[in-house]
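Just a sequence and a predicted model for now, questions to come.
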Amino acid sequence: MDYVIRKRTTKINRNGVIRPLQLDCNGGLKVLEGERMELLSPASVAFHKPDFNIHVMAIFGIKTPVDIKLLKAKFPTSLCKHPRFSSVVEGDPSKGEELKWVRTEINLDKHIIAPKINSEDIESPNKFVEDYIYNLSKTTLDKSRPLWDIHVLNLKLSEEVEAITITRIHHSLGDGTSLISLLLALTRKTSDPEALPTIPAPKMRDGSDKKWKGCFWRWISALWLVLKLFWNTSMDILMFVATTLFLKDNSPFKSSPSGGNASRRVVYKIFSLQDMKFVKNAIGATINDVALGITQAGLSRYLSRKYENEGNNNEAAREKTKKYLNNIRLRSVLLVNIRPSGGIQDLADMMEKDAEAKWGNAVGYVLLPFALGLHDDPLDYIRTAKTTVDKKKHSLEAIYTFFMAEVVMKFFGSKVASVISDRINAHTTIAFSNLPGPLEEIGFYGLPLTFLAPTSYGQPHPVMINFLSYSNKMTIVLAVDEHTVPDPHQLCDDIVESLKLIKDAVITQGLVKQDDSGMVQGCPPSQQS
């Protein structure tokens, strides 16, 4: 049976508010009066370039086999009500035509794909899934249809994972955070099937800090913050301009000639979120600081091993290895949506109650440097990460780059903007992100999830590293060009092992208290060594 939804146009206002689709009594889509086609934003247009054709992927590990008929029955009244997921892109820039979203028919049999799998013929289910994703990254979504699909693999990977779903969404549909939020809006708590997941909210600073209680000191503090904001923003803008013009990374992670069109090997590892919180609380950092810190440590371990394997493996060469790592310039480009996105409650209301929700790509760039090296104290990786992140928090780099992109687009056109974007991506090495996930276990259309793993392919960077928390676990996902990183499992292990070494250093240095029984406070008994 073909599940088909009928044709219409879509509308999003200039503030990025998206209107849900209306269903008639037969489940088809109503055409509302006064609607028009919507032009793609400059950021969305950029994602349709041949060398920047980015596809976001969300990999869900599911505890039970997936009923395909159930998914097809649920989608028309949920995800398909989002205009972006029921539209195609029309227009040919080579002919001077602007790209625009246009409503089209949805044939769910073309979007929900469940290949037949004979598990008896599969020696390693995990390797099968890894190769499936690798082969998937060689393909692009069919532009004659809405730019998303979901692949369902009913294959047992472990006692906790009976099936895998791989959702692909073209990046032009929205920024990564909004797309992941939209998928989470389709989930519910397993403990309460009517309740949406709880996502950690950013902690606000307490403005009643006693040390700034006096009016004079509050004025001095405000002046200092303004000066620091001005200085950090100025330095970031200077670095951004230099990167656009000439400043390149000099890292050993070189892209293959295929660039963003190269296939990606995706690997992931799940470990304890409690370990990251343990380190965070011990040294007064944040989860973002710890994620960046253990990534710096893992990359340093990985590259130093490569360097030593080339013959520099004696004690006298350690200083050479340190110098080698210290001289590496390695940076990530962060795409920051400066327009506040609708939360999962807003997106759920849009699909269930025909409410409106904020949506769209209003993206600014942030350059994030990675400080590599060999430190005698493993905690130095977290400290340097915290220094870097604190500077980025007190900077308007993302807002500046967004508005500069708007100015360039307006006065010089998309070709010049495209050249600038290409140079920024070509002169940097890594794509990096850390997203907070649900605090409790959730179900996707009633299917209980074991893990969530977000990633993407099509980006020009040869290495992509994503963190996503879920319940009491953290998932790290690597998507790499195998010409650059032939052993991604080793790099993934190095990052996770670095967390263990840093946690051990916290305990050894006495930065946490122990109770009378010798147990470390804040660390689960099962994880204490």
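Great, that's in hand. Numbers count the residues shown, from 1 in each chain.

low pLDDT regions in the stretch 401-529 of the chain?
513-529 (pLDDT under 70).

What ranges does it have for its strands?
Counting by DSSP state E, counting those that start in this stretch, the stretch 401-529 of the chain has strands at residues 430-435, 442-444, 447-457, 463-470, 473-480.

and these as TSV, adding mean neighbour count and distance to residue 278?
Quick note: C-beta positions are derived from backbone N, CA and C, even for glycine. Shown next, in TSV, are the strands of the stretch 401-529 of the chain (neighbours: other Cβ atoms under 10 Å; distance: least, Cβ to Cβ, whole Å):
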stretch	mean neighbour count	distance to residue 278
strand 430-435	20	17
strand 442-444	22	24
strand 447-457	23	21
strand 463-470	23	14
strand 473-480	23	12
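
For those strands, please prepare a markdown table with the additional fields distance to residue 110.
A markdown table is the format used below for these (distance: least, Cβ to Cβ, whole Å):
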| stretch | distance to residue 110 |
| --- | --- |
| strand 430-435 | 29 |
| strand 442-444 | 20 |
| strand 447-457 | 21 |
| strand 463-470 | 28 |
| strand 473-480 | 25 |
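
For stretch 478-496, list every residue counted as buried.
478-481, 484-485, 488, 491-496 (16 or more other Cβ atoms under 10 Å).

Looking at these, spot the one nearest residue 294.
residue 495 (5.6 Å; Cβ to Cβ).

quick one, helices of the stretch 1-150 of the chain?
42-46, 68-74, 108-111, 125-136 (DSSP state H, counting those that start in this stretch).

between the strands of the stretch 401-529 of the chain, which one is nearest to residue 53?
strand 447-457 (9.1 Å).

C-alpha coordinates for that closest one, PDB please?
The C-alpha coordinates for strand 447-457 follow below in PDB (Å, rounded to 0.1, in the frame of the first residue of the first chain):
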ATOM      1  CA  LEU A 447       9.700   2.000  20.800                       C
ATOM      2  CA  PRO A 448      12.100   2.300  23.800                       C
ATOM      3  CA  LEU A 449      15.500   3.700  22.900                       C
ATOM      4  CA  THR A 450      18.900   2.400  24.200                       C
ATOM      5  CA  PHE A 451      21.100   5.100  22.700                       C
ATOM      6  CA  LEU A 452      21.000   8.200  20.400                       C
ATOM      7  CA  ALA A 453      23.900   9.000  18.100                       C
ATOM      8  CA  PRO A 454      23.800  12.200  15.900                       C
ATOM      9  CA  THR A 455      26.300  12.800  13.000                       C
ATOM     10  CA  SER A 456      26.400  14.000   9.500                       C
ATOM     11  CA  TYR A 457      28.200  13.600   6.200                       C
END
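
With adjacent residues omitted, what lies nearest to residue 285?
Leaving out its chain neighbours, the residue that sits closest to residue 285 by Cβ to Cβ, 6 or more residues apart in numbering is residue 386, at 5.0 Å.

ok, now how distant is that neighbour from residue 371?
Distance from residue 386 to residue 371, counting by Cβ to Cβ, to the nearest Å: 11 Å.

Find the residues that touch each one of the two.
When Cβ atoms under 8 Å, 6 or more residues apart in numbering defines a contact, no residue borders residue 386 and residue 371 alike.

Let me have the helices of the stretch 1-150 of the chain in TSV, extended by distance to residue 320.
Listed next are these as TSV, based on distance: least, Cβ to Cβ, whole Å:
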stretch	distance to residue 320
helix 42-46	41
helix 68-74	56
helix 108-111	54
helix 125-136	36
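
which one of those helices lies closest to residue 58?
Once the helices of the stretch 1-150 of the chain are compared by Cβ to Cβ, helix 125-136 is nearest, at 11.5 Å.

Show me what that closest one is in contact with.
57, 59, 117, 119, 122, 151, 153, 155-157, 164, 166, 168, 263-267.

Kindly export stretch 403-421 (C-alpha atoms) in PDB.
Extracted in PDB, the C-alpha atoms of stretch 403-421 (Å, rounded to 0.1, in the frame of the first residue of the first chain):
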ATOM      1  CA  PHE A 403      25.300  39.700  10.100                       C
ATOM      2  CA  MET A 404      28.400  40.000   7.900                       C
ATOM      3  CA  ALA A 405      27.100  37.100   5.900                       C
ATOM      4  CA  GLU A 406      23.800  38.900   5.500                       C
ATOM      5  CA  VAL A 407      25.600  42.100   4.300                       C
ATOM      6  CA  VAL A 408      27.800  40.100   1.900                       C
ATOM      7  CA  MET A 409      24.700  38.400   0.400                       C
ATOM      8  CA  LYS A 410      22.900  41.700   0.000                       C
ATOM      9  CA  PHE A 411      25.600  43.700  -1.600                       C
ATOM     10  CA  PHE A 412      27.900  41.100  -3.300                       C
ATOM     11  CA  GLY A 413      25.600  38.200  -3.900                       C
ATOM     12  CA  SER A 414      25.600  34.500  -3.200                       C
ATOM     13  CA  LYS A 415      28.800  33.700  -5.200                       C
ATOM     14  CA  VAL A 416      31.000  35.900  -3.000                       C
ATOM     15  CA  ALA A 417      29.300  34.600   0.100                       C
ATOM     16  CA  SER A 418      29.900  31.100  -1.100                       C
ATOM     17  CA  VAL A 419      33.600  31.800  -1.700                       C
ATOM     18  CA  ILE A 420      34.000  33.100   1.900                       C
ATOM     19  CA  SER A 421      32.200  30.000   3.300                       C
END
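
sorry, back to before: can I have the buried ones of the contacts of helix 125-136 as a PyMOL selection?
Typed into PyMOL, the line below selects the buried ones among the contacts of helix 125-136, using 16+ other Cβ under 10 Å:
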select buried, resi 57+59+151+153+155+157+164+166+168+263+264+265+266+267
